[in-house]
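Peer 1: Make a model of this:
(2 chains)
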Amino acid sequence: MGILTISINDKIEKALRETAYKIYGAKKGSLSRALEEAITLWVNLKSKKITQKRRFYAKKGDTIVAKATSLQELAGKLTKLNISLHDVLIFSDDEDIKKDRYLGLKVVDRELKDK
Amino acid sequence: MSSLTDALLVPIKIKNPFNEHVFPKTGVVYGYIDTGYTGFLIIPQDIYSNLKFDELKQYHYELHLPNGEHIDTRGTYGLLIFTDIGYEEEGFIETSNEIKEIILGLKALKTYEVIFDFCEKELHLKKCIYD
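Peer 2: This next block holds a predicted model:
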């Protein structure tokens, strides 16, 4: 576990302590847990902005009519363009939804065990 | 953190970002974690219709079951909200006649640390630092 020594604004510290104790209880480790969560959120937010990879597309026929980095953004663009949802197919460029489609536990070596 | 009882249940909400419909409207619904499901989220048809996912053009696929059979599914993209920790995930949400429960698959959890603590009867979900 890493140890950080930091200085923060009194008001933020007060709010942090109050919220951490409210959520995790006034016990040892509450503050560290809250800070770890806060830092994780910040790192995720910042790193996503830098390395945003996922894109969503709306395709009408063979034409891509809108693209966005989130579904919410794509929805907004389609509304602005006044395109009916019935006409568009939504897809994402970072996954193959057709590949390896299984539901339920798999016993991959059942035949070997049976023998 | 969720309480861990007889099943691996996570409190969630499901949202159609194209019409802002959310299920359930108030409170939460519980999704089963199924580590054998390779998809993102599969839900019963009534919930799928309630969210009006049918309004979008549908993908039609098959899901293979352990007994060698398959079920037909249809789906599109939507949002899954982990209410306990306040994160939203975008992914392929599907439905089928055969599905009676809300099932979370591996793709829904691929950017989370998931701890099943049966000793304390708690289920912990934590977002990965880098996803």
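Peer 1: Please make it C-alpha for all contacts and neighbour counts, starting now.
Peer 2: Noted.
Peer 1: Can you tell me which residues in chain A are near chain B?
Peer 2: Proximity of chain A to chain B (CA under 8 Å from any CA of the partner chain) is limited to residues A:40-41, A:43-44, A:47, A:70-72, A:75-76, A:85-91, A:97-98, A:100-107.
Peer 1: Pull out the buried positions in stretch B:38-52.
Peer 2: Within stretch B:38-52, the residues scored as buried using 16 or more other CA atoms under 10 Å in any protein chain shown are B:T38, B:G39, B:F40, B:L41, B:I42, B:I43, B:P44, B:Q45, B:I47, B:Y48, B:L51, B:K52.
Peer 1: same thing with stretch B:105-118?
Peer 2: Under 16+ other CA under 10 Å, the buried positions of stretch B:105-118 are B:G105, B:L106, B:K107, B:A108, B:L109, B:T111, B:Y112.
Peer 1: for stretch B:56-76, same thing?
Peer 2: B:56-59, B:61-65, B:73-76.
Peer 1: Take the buried residues of stretch B:105-118 and keep only those in helices.
Peer 2: In helices, defined here by DSSP state H, there are no members of the buried residues of stretch B:105-118.
Peer 1: quick one: the helices in chain B?
Peer 2: Counting by DSSP H, the helices of chain B are B:45-50.
Peer 1: who's in contact with stretch A:89-109?
Peer 2: With CA atoms under 8 Å, 6 or more residues apart in numbering or on different chains as the test, stretch A:89-109 has contacts from A:53-60, B:34-39, B:56-58, B:61-66, B:76-77, B:92.
Peer 1: domain assignment for chain A?
Peer 2: Per the record, chain A has its domains at A:10-51, A:56-98, by automatic domain parsing.
Peer 1: just to revisit the earlier point, of the buried residues of stretch B:38-52, closest to chain A?
Peer 2: Chain A lies nearest to B:T38 out of these, by CA to the nearest CA, at 5.5 Å.
Peer 1: That closest one is in contact with B:L106, isn't it?
Peer 2: Yes - here B:T38 reaches B:L106: they are 5.3 Å apart, a contact under CA atoms under 8 Å.
Peer 1: what about the strands in chain B?
Peer 2: B:2-3, B:9-16, B:21-23, B:29-33, B:41-43, B:59-64, B:70-82, B:87-95, B:103-104, B:112-117, B:122-127 (DSSP state E).
Peer 1: How about chain A?
Peer 2: All strands of chain A, identified by DSSP E, fall at A:56-60, A:63-68, A:89-92.
Peer 1: Just the mean pLDDT for the shortest one, thanks.
Peer 2: Spelled out, it's strand A:89-92. Strand A:89-92 shows a mean pLDDT of 92.
Peer 1: May I have that strand as CSV, with CA atoms only?
Peer 2: The C-alpha trace of strand A:89-92 is given here as CSV (Å, rounded to 0.1, in the frame of the first residue of the first chain):
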residue,chain,number,x,y,z
LEU,A,89,-28.5,0.4,-36.6
ILE,A,90,-26.3,1.3,-33.6
PHE,A,91,-22.8,-0.3,-33.4
SER,A,92,-19.6,0.1,-31.6
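Peer 1: Done for today, thanks.
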